[in-house]
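*Asks:* Pasting the sequence and the predicted coordinates here, then a few questions.
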Amino acid sequence: MNALNSIRWLTKIYPLPLLVFLVIGMVTTQIAFDLLLGFASTTEKNSVKAIFFGVCYFVVFLIRLAMIAPTYWLTTAGSWRGHMPLRADRPLPFGSLGLVWQDIVLVAVMVTLLALTGNSIRVFVGFVLFGLVLYITGHLFLCLESKNRRLICVMFVLVTIGMLFYQFKEYCIVGTILAVVAAIQLSQKSIKQALAVQTNRLSASQSTFEVGWPHDVLAPRTTATNVDPVTMRHQQLVGLLFMPWFSFSFAFLLCGVFEGEASPHEQWQLASNVILAVSAIAAVAWLFKRFLCGVPIFRFVDLFVGRTFALKNQQIFLSAILILISGPVVFNLASQLAPIPFAVAGSVFAIASAFLFLPPSVRRWSLMGNHRMGNFQIKTEDGAKSISRSTTTSFDRR
Amino acid sequence: MEQFKSPTVQFQNVTHHYGISPVLRDMSLDIFSGEVVAILGPNGNGKTTMLRLMAGVMLPFRGDVLIDGTRRRASEESELAIRSRVVYLPDDAWLPRIRTPREYVLAIAQVYSVDPLVAMERADRLFDLFDLNKQQNSPTDRLSQGQKKKVLLCGAFIVESPIMLMDEPFSGGLDPGGIFALKQLLIRRLGAKRTVVFSSPVPEIISEVADRILIVDEGRIAAFGNVSELCLRANAKNLEEAIATLSHRETLDRVERYFGESA
């Protein structure tokens, strides 16, 4: 009966098509790796496979959490939660967020697949632990959604502690398991509490209050109690505090993985390239967010070309360039004074700060950017006269 | 009679907007314990908004919505206490795709802290009533639209809560059997203390089921009373005519104009 229940549980949490897709994906990738990495050394092959299996663990654990608490991922399910008397001290209707013994079955399958790739038993243990750390990371996503500030901080610390313990091989088992247990225990109640009381993410209620400029001046202020006191600024500050810590731990972990396989210069070069890539992605994302203002109104191509060549958007290009160079500059300076993980943490902090705080903000840009308020000309029918008018100055003064 | 009862659902000067579009304008009403109230009115005139405000998934811009004298979403504890007494079935309710009707219905019972044995017994009776015995253990994505609606209704009725709010419960592909079963559930509701508020555009169903009818027009209460009161007010012979006069008088003119022009 128990075995039947376990099979039922697995089929509910991991629907069969999804499992088939995952297994086919893993086997196909395994074959592709063998073909593509035919000339690489065994260590290099194993490193690439290890990263791939790490990603698979992450996906699997994330799916498991999503199936248990679908109200976080689906809007309609979120609305359902919005009127249900869900209480933190009672079980969730579709199962436990914590690990149950049926999870071992799945881990065993994944370890077996990993074994087929020819890795040693030490790698298996390492990856089971790494999977558990990723499971906490999955929990972290739920915590981010629950917007419980204290919980987010604790979860970030536990994720990074788990990663650090993974680096200290001899303590990895105890440390990681402790981190997992602590994370699950701490997060369970808070997540359920958040599930129960957080109702303000419903689209209808949001559209009521976020009517946008200029209509929001007409909307009366609400006197309702907001059950969720976490603002966007709070989230930004928490993110800014923990991103360097998280990247430090990740860099520390990777340095351990590459120890003995790559020279310090190669490690520096790899980290430098990663920082450059992160800066570039951040700069492009920052720029696009401002470029895309007004897309529902104007055609994107016109918008892109127009705003690029109109010579009215110097401010956003300047800020984007600053984001682009902030990471590499800080990394180059810091890496001469401190080990690579510290330099990575410093440069991530610089990129994140620039990304979040460099002007103009999206809100300001969408309302008062030069693309809205720039000079425009009104031509008369005969073309003899033209009237030039600028509203930028008057709005900036306001 | 009403002045001796305490209202179960109260709107106190409720005004609500979507953006800058007004939906409800300074609306006040009392719904008493044990009443079945039907809301009707033209599309986009605030029926769903009223039910959502009663269900607490939205807050009004101005005014208060009270359930048994307690304001909705005043505090976490009071809100959870209200929710445990209210069942809300929206028009586009969520039904998990990979779960079976039985799992979904029992999950709702679990959230409302219904005793598991009682929940199973109620689930069996409801599946039998709505002719879902064969489908109760199949995933919900294999069900037809009408069967999905029946599962949602089973989920709403398994709780046997004192207050039920339902948005268009008779629509969504229900077959005649389903409509009949739902009507009987509302008419022969278990215990006179159960308050039901639902919206529906069908006068025949409303006249059979509802104790009082609330007609909403352009965000205001156009009329609120039982069938005879509405007929008297509209000087009409039956409910359909009364609704036409009170709720969509222009439609009568438009119909006359349309057939007059085609003739």
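*Replies:* Received the coordinates, thanks.
*Asks:* May I have stretch A:248-255 as CSV, with CA atoms only?
*Replies:* Output in CSV follows, covering the C-alpha atoms of stretch A:248-255 (Å, rounded to 0.1, in the frame of the first residue of the first chain):
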residue,chain,number,x,y,z
PHE,A,248,31.4,35.5,-2.9
SER,A,249,30.2,32.1,-1.8
PHE,A,250,29.6,30.9,-5.3
ALA,A,251,33.0,32.2,-6.4
PHE,A,252,34.5,30.4,-3.4
LEU,A,253,32.8,27.2,-4.4
LEU,A,254,34.0,27.4,-8.0
CYS,A,255,37.6,28.2,-6.9
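*Asks:* Quickly check: the helix or strand B:R125 falls within near chain A or not.
*Replies:* Element membership for B:R125, per DSSP states H and E: helix B:116-129. No: if you take C-beta under 8 Å from any C-beta of the partner chain as the test, helix B:116-129 misses chain A, and the best it gets is 11.6 Å. Glycine gets a C-beta too; all of them are placed from N, C-alpha and C.
*Asks:* tell me which parts of the stretch 51-200 of chain B are close to chain A?
*Replies:* So the stretch 51-200 of chain B meets chain A at B:52, B:55-59, B:61-62, B:73-76, B:79-80, B:83-84, B:86, B:88, B:90, B:92-94, B:96, B:98-99, B:103, B:107-108, B:110-113 (C-beta under 8 Å from any C-beta).
*Asks:* So B:D211 is in contact with B:I31, correct?
*Replies:* No: in this structure, B:D211 is not within contact of B:I31 by C-beta atoms under 8 Å, at 9.7 Å.
*Asks:* neighbour-wise, which of these two wins?
*Replies:* The neighbour comparison of B:D211 against B:I31 (other C-beta atoms under 10 Å in any protein chain shown) goes to B:I31, with 23 against 16.
*Asks:* In the sheet, which strands lie alongside whichever strand or helix holds the more buried one, parallel or antiparallel?
*Replies:* According to DSSP H and E, B:I31 maps onto strand B:21-32. Applying DSSP bridges to the sheet, strand B:21-32 is found paired with strand B:7-18 (antiparallel).
*Asks:* Just the buried residues of the partner strand, please?
*Replies:* B:7-12, B:14-17 (16 or more other C-beta atoms under 10 Å in any protein chain shown).
*Asks:* quick revisit: show me which of the residues of the stretch 51-200 of chain B next to chain A are buried.
*Replies:* The buried subset of those - by 16+ other C-beta under 10 Å - is B:52, B:55-59, B:61-62, B:73, B:79-80, B:83-84, B:86, B:88, B:90, B:93-94, B:96, B:98-99, B:103, B:107-108, B:110-112.
*Asks:* what does the helix or strand A:I323 falls within rub up against?
*Replies:* Using DSSP H and E, A:I323 maps to helix A:314-337. With C-beta atoms under 8 Å, 6 or more residues apart in numbering or on different chains as the test, helix A:314-337 has contacts from A:268, A:271-272, A:275-276, A:278-280, A:282-284, A:286-287, A:290-291, A:342-344, A:346-351, A:353-355, A:358-360, A:365, A:369-370.
*Asks:* Only the buried subset of these, as a PyMOL command please.
*Replies:* One line in PyMOL is enough to select the buried ones among these; burial here means 16+ other C-beta under 10 Å:
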select buried, chain A and resi 268+271+272+275+276+278+279+282+283+286+287+290+291+342+343+344+346+347+348+349+350+351+353+354+355+358+360+365+369+370
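*Asks:* In helices, which of the contacts of helix A:314-337 fall?
*Replies:* A:268, A:271-272, A:275-276, A:278-280, A:282-284, A:286-287, A:290-291, A:342-344, A:346-351, A:353-355, A:365, A:370 (DSSP state H).
*Asks:* low-scoring pLDDT stretches of the stretch 151-263 of chain B, where are they?
*Replies:* For the stretch 151-263 of chain B, the stretches flagged by pLDDT under 70 are B:190-192, B:261-263.
*Asks:* gap between the two ends of stretch B:148-168?
*Replies:* End-to-end distance of stretch B:148-168: 14 Å, with C-alpha to C-alpha, to the nearest Å as the criterion.
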